[in-house]
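Trainee: Return atomic coordinates for the entry below.
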Amino acid sequence: MTTTLTTTLTATQTQNWEDADWGMGDRHDNQMVAKTVIAMLEEGIAIDLIVGITSDRDRLMSTINERSEVYDIDRLQHGSDARETVLWVLNNVWDGRIPYLEPEDDEDEDEDEEDDL
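Mentor: Numbers count the residues shown, from 1 in each chain. Alright, predicted model coming up:
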């Protein structure tokens, strides 16, 4: 028997996740990871990939890596932040909560504001 986690996000929740910082290097990669996680949740993710002693987090990240085509998710420089965020989000969903994620910082806006000073 396999337990599967499936959920559908509202339009607002989907937008929040797509605008969030998932620990990747740039906005495009963050959006691709978000879209992949959302699609996987809608299709269903085997819960043993997320929680418990038998979890195979490398397999989960590898699947997200392949499906999103964001190859930095498995690299050491970004992998740990991305893994933490993905697993934190999925564990929250498993617990019945849809977490709000902080939006990605727009470095260009910060630079523009500094130039105006």
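
Trainee: OK, contacts around the residue nearest to the spatial centre of the chain?
Mentor: Among the residues of the chain, the one closest to the centroid is Val86, at 4.2 Å (C-alpha atoms, centre = their mean). Counting by C-beta atoms under 8 Å, 6 or more residues apart in numbering, Val86 touches Trp22, Val33, Val37, Leu60, Met61, Ile64, Ile73. Where C-beta positions appear, they are placed from N, C-alpha and C, glycine not excepted.

Trainee: so which two of these are the farthest from each other?
Mentor: Within these, Trp22 and Leu60 form the most distant pair, 13.9 Å apart (C-beta to C-beta).

Trainee: So between the two, which is more surrounded?
Mentor: Shown here are Trp22 and Leu60; by other C-beta atoms under 10 Å, Trp22 has more neighbours (27 against 21).

Trainee: Tell me the spacing between the more buried one and Gln15.
Mentor: 14 Å (C-beta to C-beta, to the nearest Å).

Trainee: I'd like the distance from Asn91 to Val51, if you could.
Mentor: Asn91 is 6 Å from Val51, by C-beta to C-beta.

Trainee: hmm, I was thinking of Gly44
Mentor: For Gly44 relative to Val51 (C-beta to C-beta), the value is 15 Å.

Trainee: tell me the strands in the protein, going along the chain?
Mentor: For the chain, the strands defined by DSSP state E occupy 4-5, 45-46.

Trainee: Scan the protein for its longest helix.
Mentor: helix 76-94 (DSSP state H).

Trainee: Please save the CA atoms from stretch 37-54 in CSV.
Mentor: Provided in CSV are the C-alpha atoms of stretch 37-54 (Å, rounded to 0.1, in the frame of the first residue of the first chain):
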residue,chain,number,x,y,z
VAL,A,37,6.2,21.0,-7.2
ILE,A,38,2.7,22.3,-7.9
ALA,A,39,2.3,19.8,-10.8
MET,A,40,3.6,16.9,-8.7
LEU,A,41,1.2,17.8,-5.9
GLU,A,42,-1.7,17.9,-8.3
GLU,A,43,-0.7,14.5,-9.7
GLY,A,44,0.2,13.1,-6.3
ILE,A,45,3.5,12.5,-4.6
ALA,A,46,4.2,9.2,-2.8
ILE,A,47,4.5,10.2,0.9
ASP,A,48,7.5,8.0,1.5
LEU,A,49,9.5,10.5,-0.6
ILE,A,50,8.7,13.3,1.9
VAL,A,51,8.4,12.0,5.5
GLY,A,52,9.5,9.1,7.6
ILE,A,53,12.6,7.0,8.0
THR,A,54,12.2,5.4,4.6
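
Trainee: Many thanks, we can stop here.
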